[in-house]
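J.: Give me a 3D structure for the following:
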Amino acid sequence: MIEAAKTLFLFLSALFPIVDPLGGSPIFLAMTRQYSPKTRRALSWRIAMNSFFLLVGSYFIGTHILSFFGISLPVVQVGGGLIVISTGWTLLKQGGDYDNKEAAQNVPPKDPYRDAFYPLTLPLTVGPGSISVAITLGANSPHHHEFNLWSIVAALVGAVLLAVSIFLCYGFADRLGRILGTTGMTVIMQLTSFLLVCIGVQIFWNGASALLGSLPLQGH
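T.: Just a heads-up that it's a prediction; the model follows:
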């Protein structure tokens, strides 16, 4: 149970700031402004389900895909850490200014669910950073080394909670924007961006330490 609690906490603390449904909700709202609230919620549900399967797939089978291509975990940690640091730093510099230029150029199609997977799920919600982190977490989890039912359940629960947060933030993005206001959204973005940079540094250091430790010792 302790390992399961650790797995759940690590899963949520590492992936929630990267997925950042609160930060993505204003962009989602801009891209779906012409839809009715009912349609927007249905679309949000599809995005949440797509994100769930992407994260679960990356967490449980991502390492096997890496093995197939001959990529080591420390390399993924270094690369994923750099991506996370870059993303967090970019968000920190942007502050509360959300870039909706691209969203404004996208005319909603007749089928409102046409863009549910791309670009609303990938890369708007679950991007390269969150996928690489999910793979890293899965490779370091107890289930990867031996069968651990509680660890598997904890990861699935974490993915469900993330999917629910995506659905709530996207489906009620209009209400969230009115409640928090511009200042509230800015504060949330700044806090999650700083946490994102810290997580990226930790992931990078884990990979770099493993790579440095694998170097042959000199003087023998």
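J.: Okay, now the unreliable bits of the chain?
T.: Across the chain, the ranges flagged by pLDDT under 70 are 95-110, 142-147, 177, 185, 217-220.
J.: and the longest helix that the chain contains, what does it pack onto?
T.: Identified as the longest helix of the chain according to DSSP state H is helix 173-213. When contacts are defined as 3 or more C-beta pairs under 8 Å, 6 or more residues apart in numbering; DSSP states H and E, helix 173-213 sits against helix 2-19, helix 21-31, helix 37-69, helix 73-94, helix 128-140. For glycine as for every other residue, the C-beta is placed from the backbone atoms N, C-alpha and C.
J.: angle of it against helix 21-31?
T.: If you take axes from the mean of the first three to the mean of the last three C-alpha atoms, to 10 degrees, helix 173-213 sits at 130 degrees to helix 21-31.
J.: the inter-axis angle of helix 173-213 versus helix 128-140?
T.: Per the same axes, to 10 degrees, the angle that helix 173-213 makes with helix 128-140 is 50 degrees.
J.: buried residues in the helix or strand that contains residue 164?
T.: In the assignment (DSSP states H and E), residue 164 maps to helix 149-171. Using 16 or more other C-beta atoms under 10 Å as the test for burial, helix 149-171 gives 150-152, 154-156, 158-159, 161-163, 165-171.
J.: between the helices and strands packed on helix 173-213, which gets nearest to residue 192?
T.: With C-beta to C-beta as the measure, helix 2-19 is the member of the helices and strands packed on helix 173-213 nearest residue 192 (4.5 Å).
J.: Please point out which parts of the closest one sit buried.
T.: Neighbour-count burial for helix 2-19 [16+ other C-beta under 10 Å]: 4, 7, 8, 10, 11, 12, 14, 15, 16, 17, 18, 19.
J.: Reformat these as TSV; add distance to residue 188.
T.: What follows is the buried residues of helix 2-19, written out as TSV (distance: C-beta to C-beta, whole Å):
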residue	distance to residue 188
4	28
7	26
8	22
10	21
11	20
12	16
14	18
15	16
16	12
17	10
18	14
19	13
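J.: which one of those sits closest to residue 28?
T.: Comparing these against residue 28 with C-beta to C-beta picks out residue 19 as the nearest, at 12.4 Å.
J.: Surely that closest one and residue 166 touch.
T.: Yes - Residue 19 lies in contact with residue 166 (C-beta atoms under 8 Å); the separation is 7.0 Å.
J.: Give the residues shared as contacts by these two.
T.: Counting by C-beta atoms under 8 Å, 6 or more residues apart in numbering, the contacts common to residue 19 and residue 166 are 51, 125.
J.: Pull the number of nearby residues for residue 216.
T.: Other residues near residue 216 come to 5 when the count uses other C-beta atoms under 10 Å.
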